[in-house]
Each structure stands twice: as C-alpha cells, then as structure tokens.
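In: structure for the following, please:
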Amino acid sequence: MKNSFKSKCKHNNKILSIIVFITILFVISFTFFLLQNFNKKTNNNLIEITSAEINKVIYSFITDKLNNSILNTETLSDVLIINKNKNDEILYVDFDLDKAYKILDNVSNTLTSSLKKIENGEISVKYYDDLLSHNSNSLILSIPIGNILNSVYFYNLGPKIPVKINFVGSVLTNLETKVTNYGLNNALVEMFVYIEFHTNIIAPFKTEELILKYDAVIASMMIEGKVPSFYNGVLESKSNIHNETIN
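Out: Residues are numbered from 1 along each chain as shown. You can find the predicted model right below:
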C-alpha cells in the first residue's frame with residue numbers, strides 16, 4: 001500500500017514536471033515569437049521612417065543647391081535648340097550637346113562632392129540639424145522610439161535609435177524638357193534635371209538599399225509659338241544620362 005502510494009506520487013510528480021516543462025517551453029517559444037515579430041516590425045518601421053526622412057533631407061538639400069549654386073552660369077535659351085515650321089509651330093526641341101553635358105557634369109560633380117561632405121559633417125542641412133549627426137564617414141539619423149510604435153500618443157517620445165546612412169554607387173543625371181501650350185500663341189518651356197543615386201540604410205538589425213530619385217525644375221521661359229495638336233499640346237525630350245561615381 002505504501003509502495004503503491006509512493007509510486008503514484010512519483011508518477012504524478014513526473015506528469016507535473018512534464019506539464020511544467022511544456023508550459024515553460026511554450027512560454028519561451030511564444031516570447032521568442034513575439035520578440036521576433038516585434039523586432040521585424042520595428043526594423044521595417046525604422047527603414048520606412050528613415051526612407052521618408054532621408055528623402056526630405058536630400059530633396060531639401062538638392063533643391064537649395066540647384067537654386068543657389070549650380071545653374072546660374074547657364075540659361076535655358078543657351079542649351080535648347082527649338083525648331084519651328086513656317087506656321088510658327090514647334091516641331092521638336094533638342095539639346096546643344098556640349099552645353100547640356102557641361103550642365104550635367106556640373107550637377108553631378110557638385111552633388112557627388114556635396115553628398116560626401118554631408119556624410120563627413122562638413123555641410124549641414126537646413127532644418128534637419130537636430131535629427132542628423134555624423135560618425136565614421138556616415139550620416140546618422142536619430143529616430144525617437146515613439147515614432148516606431150505608430151502611435152500619436154508616443155510620437156517623438158523615448159530614447160532615439162541611430163540609423164546609419166551611406167551614399168553608394170553613382171549619381172545619375174539627365175536633362176529633360178517639357179513644352180506646353182500657354183495662351184493663344186505662346187509656349188511654356190521648362191527644363192528639369194533628373195537625379196538618381198543609391199543609399200544604404202543600416203538599422204540595428206537590418207540593412208536595405210534605397211534608390212533615391214528626384215526631378216527638379218531648374219529653368220523655364222516663355223517663347224512664341226505653339227505645340228501642334230498631333231502632340232496633344234505637349235512636347236518632351238531628354239538628354240543622355242550622365243554618370244558620376246561617389247567615391
């Protein structure tokens with residue numbers, strides 16, 4: 001009887017140990033799953049927020065740079081070749097290749113040099129100095145942890161998570177023009193510069209390459225003439241792409 005009781009107690013203890021072990025294993029597994037899910041969501045949010053912020057930063061910088069330093073030496077009328085027929089209709093718009101290349105070379109060289117200076121902390125970006133810092137030739141964007149939680153109650157609260165940003169590859173530039181009818185016998189000519197380059201966003205547990213693309217109006221003017229109806233009132237043209245490597 002006594003041996004039977006002991007045997008039963010051992011059996012119950014064994015079952016209890018198994019239940020406890022399974023419970024602990026389940027809790028650990030569930031906790032690990034939650035942490036993995038939180039980590040994945042956090043890093044995705046970090047990358048998404050950083051992508052949006054770095055786009056704002058670089059767009060602000062490029063716009064300011066284009067407006068103030070790059071294109072003051074060239075005018076739209078110097079670069080474009082506008083061909084009309086006897087009815088004063090604009091047949092096509094072409095580029096003076098030498099002058100277009102000179103502009104693209106100037107844009108590419110200036111942006112390439114400036115991006116490296118931003119990384120090194122030699123140039124500050126207006127309105128974003130409180131978010132940006134520099135370390136080991138990298139741009140550091142500090143994002144409050146409250147931003148990652150997607151809650152208006154915690155926005156900009158909590159410690160800041162540093163996300164490293166490196167500009168890599170090449171700066172690709174291209175000139176584009178758009179001619180549209182403007183009034184009875186006038187056309188509006190606009191010149192855009194297309195810019196594309198790559199950047200690495202390095203979050204604590206994830207790295208992602210982002211392609212940054214920008215179109216900015218760099219010049220515009222009115223000319224006499226109109227775009228023929230068979231062009232639907234819009235003429236567009238592009239130059240060859242210029243490539244400058246970021247060292």
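In: going forward, measure contacts between C-alpha atoms and count neighbours the same way
Out: Fine.
In: tell me where this structure has helices.
Out: Along the chain, the segments classed as helices by DSSP state H run 2-65, 76-79, 97-120, 145-148.
In: relative to Val189, which of those is closest?
Out: helix 76-79 (8.7 Å; C-alpha to C-alpha).
In: list the helices and strands the closest one packs on?
Out: When contacts are defined as 3 or more C-alpha pairs under 8 Å, 6 or more residues apart in numbering; DSSP states H and E, helix 76-79 packs onto helix 97-120, strand 206-224.
In: so where's this structure uncertain?
Out: 1-14, 34-39, 67-75, 123-131, 136, 148-158, 241-242, 244, 246-247 (pLDDT under 70).
In: show me what the strand ranked longest in it is packed up against.
Out: What stands out as the longest strand in the chain, according to DSSP state E, is strand 160-181. Packing contacts for strand 160-181, counted by 3+ C-alpha pairs under 8 Å, 6+ apart, involve helix 97-120, strand 139-144, strand 186-203, strand 234-238, strand 242-245.
In: identify each buried residue in the first one, please.
Out: Of the residues in helix 97-120, those buried under the neighbour-count criterion (16 or more other C-alpha atoms under 10 Å) are 100-101, 103-105, 107-109, 111-112, 114-120.
In: Met222 and Ile54: what is the separation?
Out: Distance, Met222 to Ile54, using C-alpha to C-alpha, to the nearest Å: 35 Å.
In: kindly apply the preceding question to Ile195 instead.
Out: From Ile195 to Ile54 the distance is 15 Å (C-alpha to C-alpha).
In: those two: which is more packed in?
Out: A direct count of neighbours by other C-alpha atoms under 10 Å for Ile195 and Ile54 places Ile195 higher, at 23 against 19.
In: and the more buried one, what does it touch?
Out: By C-alpha atoms under 8 Å, 6 or more residues apart in numbering, the contact list for Ile195 reads Val171, Leu172, Thr173, Asn174, Lys213, Tyr214, Asp215.
In: now it, nearest residue through space, not along the chain?
Out: With C-alpha to C-alpha, 6 or more residues apart in numbering as the criterion, Ile195 has its nearest non-adjacent residue at 4.7 Å, and that residue is Thr173.
In: can you give me the neighbour number for the closest residue to Ala100 other than its chain neighbours?
Out: Of all residues not flanking Ala100 in the chain, Val79 sits nearest, at 6.0 Å (C-alpha to C-alpha, 6+ apart). When neighbours are counted by other C-alpha under 10 Å, Val79 registers 19.
In: Ile62 now?
Out: Look at Ile62: counted by other C-alpha under 10 Å, it has 20 neighbours.
In: who touches it in this structure?
Out: Leu111.
In: how about Lys84?
Out: Counting by C-alpha under 8 Å, 6+ apart, the residues that Lys84 touches are Ile90, Leu91, Tyr92, Gly225.
In: recalculate using a threshold of 10 Å.
Out: Ile90, Leu91, Tyr92, Val93, Gly225, Lys226, Val227 (C-alpha atoms under 10 Å, 6 or more residues apart in numbering).
In: identify the residue nearest Glu236 in space, chain neighbours excluded?
Out: Lys178 (4.5 Å).
In: nothing else from me, thank you.
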